[in-house]
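> Generate coordinates for the sequence data below:
(chains A and B)
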2 protein chains.
Amino acid sequence: MSDQSSQQRTGAIEDAGLEEKCIEKEIVFAGRMLRMDRDRIRLPNGAEATREVVRHPGAVGILPFKGDELLLVRQYRYPIQQAILEIPAGKLEPGEEPLVCAERELREETGYRGTLEHLVSIYTTPGFTDEIIHLYKATDLVWDPLQADEDEFLNVVNTPWVQAKEKALSGELNDAKTMLAIILLAGKER
Amino acid sequence: MSDQSSQQRTGAIEDAGLEEKCIEKEIVFAGRMLRMDRDRIRLPNGAEATREVVRHPGAVGILPFKGDELLLVRQYRYPIQQAILEIPAGKLEPGEEPLVCAERELREETGYRGTLEHLVSIYTTPGFTDEIIHLYKATDLVWDPLQADEDEFLNVVNTPWVQAKEKALSGELNDAKTMLAIILLAGKER
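Residues are numbered from 1 along each chain as shown, chains lettered A, B, ... in the order given. Model prediction:
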């Protein structure tokens, strides 16, 4: 990359030599939603190490606009033992295209169908999982509900766009994809 | 919340009734870095379900400024099989305070000690993990390196702040914490 200067540090090596190669794969848990792998790998310096990796099917998140309100969902997140405010989101079904998944999740979680525009795709936490979330903006919302998953309970919260931006910038929202999607779109507005 | 209107949907219930209660805990994998739980839970409607949860020690991410350059690190991320550009980051040691962790990781990954300011703390992907990342801004950098982890290889990449913001907004960067930290700080500058 000609626009970046690279600075070597103790133990650091050329960019091309950063790669970690799989020596042996081991699936240590295969669940309904997640798989945990523990792979033996070869480090760039030739030594061996292990990597614990959570395999995820990928997901979508949607910023749905109804006039100047953003539709957020309030949902209990068992891993963190609290209900939080997020953009509508959900996992890809096997073989499902992200756009089709975004249409489905939007209808399931808010009841609306809309015109979808892809914003960006992000790795949520690439240190330990391959999860990628494809983020969309939805406009022209039309009521066309789909039955949601039977183990999913949520409340739709209509939030003025100005307020959503404030809550994202202040950290009152604390879900990464939600904050990122809102602040990203706000940044593109300028 | 008086500033939000809540809209009920099929299957949705009052906010107070969103909670999922643990019936039985099962640890299905306990690794060096991650633990996978599969808990049997009680849904708000009384039915039972299971939740697969990745338990994580928590982490920090740092935006280190050297003049008008941001110090990013280029690192191979085994889960996604590619080297990507990120802010310096790392996991909390057992019992370690986030601020102490941020100081340590900054010295290990960039070689600098700095003045740290907490920005926000974010849940990376609360649908399946309790991982929280505490984000800091670092200024007044002084050279004071610490030996990095022996299985960690990275290159420091000095990136002009203007370019970092462009790369985050365009999606050329694709690590969620990195994009969020940069765009958040850019949003606060206005």
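
> C-alpha from now on. contacts and neighbour counts both.
Noted.

> Any idea what A:Arg38 is bridged to?
Beta bridges link A:Arg38 to A:Glu52, judged by DSSP bridges.

> so what's the nearest residue to A:Pro57 once chain neighbours are set aside up against?
Using CA to CA, 6 or more residues apart in numbering or on different chains and skipping residues adjacent in sequence, the residue nearest A:Pro57 is A:Leu92, 6.0 Å away. A:Leu92 is in contact with A:57-60, A:98, A:101, counting by CA atoms under 8 Å, 6 or more residues apart in numbering or on different chains.

> can we see that at 7 Å?
By CA atoms under 7 Å, 6 or more residues apart in numbering or on different chains, A:Leu92 lies in contact with A:57-59, A:98, A:101.

> next one: A:Leu169
By CA under 7 Å, 6+ apart, the contact list for A:Leu169 reads B:Leu184.

> related to what we said a few turns ago, just the closest of the contacts of A:Leu92 to chain B, please.
A:Ala59 (10.6 Å; CA to the nearest CA).

> hmm, back to that, ok, so what distance separates the residue nearest to A:Pro57 from A:Ile132?
Separation of A:Leu92 from A:Ile132 (CA to CA, to the nearest Å): 10 Å.

> Quick check: neighbours shared by those two?
A:58-59.

> Tell me which residue is most central in chain A.
The centroid of chain A falls nearest to A:Ile133 when counting by CA atoms, centre = their mean (3.3 Å).

> could you give me the average pLDDT of the strand or helix carrying that one?
If you go by DSSP states H and E, A:Ile133 is part of strand A:132-143. The average pLDDT for strand A:132-143 rounds to 98.

> how about that strand, does it reach chain B?
No. Taking CA under 7 Å from any CA of the partner chain as the criterion, strand A:132-143 and chain B are apart, separated by no less than 9.3 Å.

> can I see the domain layout of chain A?
With domains defined by automatic domain parsing, chain A comprises A:9-55, A:59-188.

> close to chain B, is stretch A:107-122?
Yes. Judged by CA under 7 Å from any CA, stretch A:107-122 and chain B are in contact via A:120-122.

> ok, and the most crowded of those residues?
Compared across the residues of stretch A:107-122 next to chain B, A:Ile122 has the highest neighbour count, 24 neighbours, by other CA atoms under 10 Å in any protein chain shown.

> my guess is that one meets B:Leu173, correct?
No. A:Ile122 is not in contact with B:Leu173 according to CA atoms under 7 Å; the separation is 8.4 Å.

> low-scoring pLDDT stretches of chain A, where are they?
Low-confidence segments of chain A, defined by pLDDT under 70: A:1-16, A:190.

> what about 80?
Judged by pLDDT under 80, chain A has its weakly predicted residues at A:1-16, A:149-151, A:190.

> which residue sits closest to A:Phe29, ignoring its sequence neighbours?
Spatially, and ignoring its direct neighbours in sequence, A:Phe29 is nearest to A:Met36 (5.0 Å; CA to CA, 6+ apart).

> For the one you found, give me its contacts.
Shown in contact with A:Met36 (CA under 7 Å, 6+ apart): A:27-30, A:53-55.
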